[in-house]
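Participant: next come a sequence and a model predicted from it.
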Amino acid sequence: MTKSYLSQEQQLRAEQVFITHKHLKELNLASEQALAYHDKYLAAMEKVMSCLLNNSDTIESVRTHLDEEAPVNTQPTLPMTGRLAATYSNWRASPELKMMQTELEFLKEVSATGRHAAKKTKNAVQVLEHVAKKCSKVNTPEFEAKVCSTAGKAQEKLLREQQVKNMEMVKVEKAILNDMISLATSWSTKLITRSDALYTAFAGLGHRTVACFSITAPAVPHRVPLPPAASAPPPSSSAASLVLHSGSAATTYGTPFVQPSALSALYAAAPLDSAVEGATAGVTLEFHPREGETPTM
């Protein structure tokens, strides 16, 4: 282990500087990684929605072709996949999602600023180690004895050397202390502010998600009528009923069949706000103040 020439108090200060820099660096890299994953996740979800719609178009084409030969008891897929894709597009373009990304960018920036400041102080600690080593040589009993054994200009030179090195030590120590005071004051304020802002961004996105993806049951058309009750076989567990329930209301699949091309045109023409009108009906988007006390350092 390398010998340290720092006092116990100086070693504690140096350890605080190193840990502060380490954690600021980790936060900076983590927020940068979160931004990268955020973008990758959204891009992947865009691909998922596109693939769902492609699959829906394909199966609708197959179903229509099969129906020309014999009735096929399959449910139209476009109403559900179209609703999902339209609602996701609305959610994807929401200001709340953009705010989440913005807050992560702010966190990355302020942690980078703190990281660079801590790095500067960390370098000053390394200078302090070097200065402390030089000071240790002019504050030993041997050096004091040497001063006492000389006189005149030789003694003045030794005393001046001792004074200069001790003053340099005090100067570096004071600079490190001031840097740590400044960093602690600035970063504690920013840590509270950015944590609160990120909390608010999560809350806003949560409200938006609930508003967009509320549980509703749109009427899904079904072309093939159900057989009479007397001749109908018992329903299977996977398709026991063609009734969806939302609260106390039931929606049955008895609407006339709509061609996939007409449904595709309907979803393509619908604006983002109106595309999820059914999903957001009766839901008011409100931002409630955060619960609990304001975090303190």
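Facilitator: Received, thanks.
Participant: so where do the helices sit in the stretch 101-250 of the chain?
Facilitator: Assigned by DSSP state H, counting those that start in this stretch, the helices in the stretch 101-250 of the chain fall at 141-148, 152-212.
Participant: nearest to Ser94, out of those?
Facilitator: helix 152-212 (5.0 Å; CB to CB). Using the backbone N, CA and C atoms, a C-beta is placed for each residue, glycine as well.
Participant: so what does that closest one touch, helix or strand wise?
Facilitator: When contacts are defined as 3 or more CB pairs under 8 Å, 6 or more residues apart in numbering; DSSP states H and E, helix 152-212 packs onto helix 8-67, helix 78-92, helix 95-137, helix 141-148, helix 277-280.
Participant: CA atoms of stretch 138-155 as CSV?
Facilitator: C-alpha atoms of stretch 138-155 as CSV (Å, rounded to 0.1, in the frame of the first residue of the first chain):
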residue,chain,number,x,y,z
VAL,A,138,10.5,20.1,6.2
ASN,A,139,8.5,19.3,9.3
THR,A,140,10.5,16.4,10.7
PRO,A,141,12.7,16.5,13.8
GLU,A,142,15.7,16.1,11.6
PHE,A,143,14.9,19.2,9.6
GLU,A,144,14.3,21.2,12.7
ALA,A,145,17.6,20.1,14.1
LYS,A,146,19.3,21.1,10.8
VAL,A,147,17.7,24.6,11.1
CYS,A,148,19.0,24.9,14.7
SER,A,149,22.5,23.9,13.7
THR,A,150,22.8,26.6,11.0
ALA,A,151,22.9,30.4,11.2
GLY,A,152,22.7,33.4,9.1
LYS,A,153,21.6,33.2,5.4
ALA,A,154,21.7,29.4,5.5
GLN,A,155,19.2,29.2,8.3
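Participant: what about that stretch, average pLDDT?
Facilitator: Mean pLDDT, stretch 138-155: 86.
Participant: and it, which residues are buried?
Facilitator: Within stretch 138-155, the residues scored as buried using 16 or more other CB atoms under 10 Å are Val138, Val147.
Participant: residues in contact with it?
Facilitator: Lys137, Leu158, Leu159, Glu161, Gln162, Lys165, Asn166 (CB atoms under 8 Å, 6 or more residues apart in numbering).
Participant: residue nearest the centroid of this structure?
Facilitator: Ala34 (5.2 Å; CA atoms, centre = their mean).
Participant: contacts only, for that residue.
Facilitator: Applying CB under 8 Å, 6+ apart to Ala34 gives the contacts Leu104.
Participant: use 143 as the first number from now on
Facilitator: In the new numbering, first residue 143, that becomes Ala176.
Participant: mind checking pLDDT for it?
Facilitator: 97.
Participant: burial count for Ala212?
Facilitator: 6 (other CB atoms under 10 Å).
Participant: can you tell me the element it falls in?
Facilitator: According to DSSP states H and E, Ala212 maps onto no helix or strand at all.
Participant: separation between it and Phe160?
Facilitator: For Ala212, the distance to Phe160 (CB to CB, to the nearest Å) stands at 76 Å.
Participant: same thing with Gly294?
Facilitator: Distance, Gly294 to Phe160, using CB to CB: 45 Å.
Participant: ok, back up a step: what's the farthest-apart pair in the contacts of stretch 280-297?
Facilitator: Taking CB to CB, no two of the contacts of stretch 280-297 sit farther apart than Lys279 and Leu301, at 14.2 Å.
Participant: out of the helices of the stretch 243-392 of the chain, which is closest to Ala156?
Facilitator: helix 294-354 (8.3 Å).
Participant: got the angle for that closest one vs helix 283-290?
Facilitator: 140 degrees (axes from the mean of the first three to the mean of the last three CA atoms, to 10 degrees).
Participant: relative to Thr327, how far out is Met187?
Facilitator: The value you get for Met187 to Thr327, if CB to CB is used, is 41 Å.
Participant: show me the contacts for Phe344.
Facilitator: Met242.
Participant: need the pLDDT of it.
Facilitator: pLDDT at Phe344 comes out at 97.
Participant: point out where the stretch 293-439 of the chain drops to low pLDDT.
Facilitator: 358-439 (pLDDT under 70).
Participant: since that was my last question, I'll sign off now.
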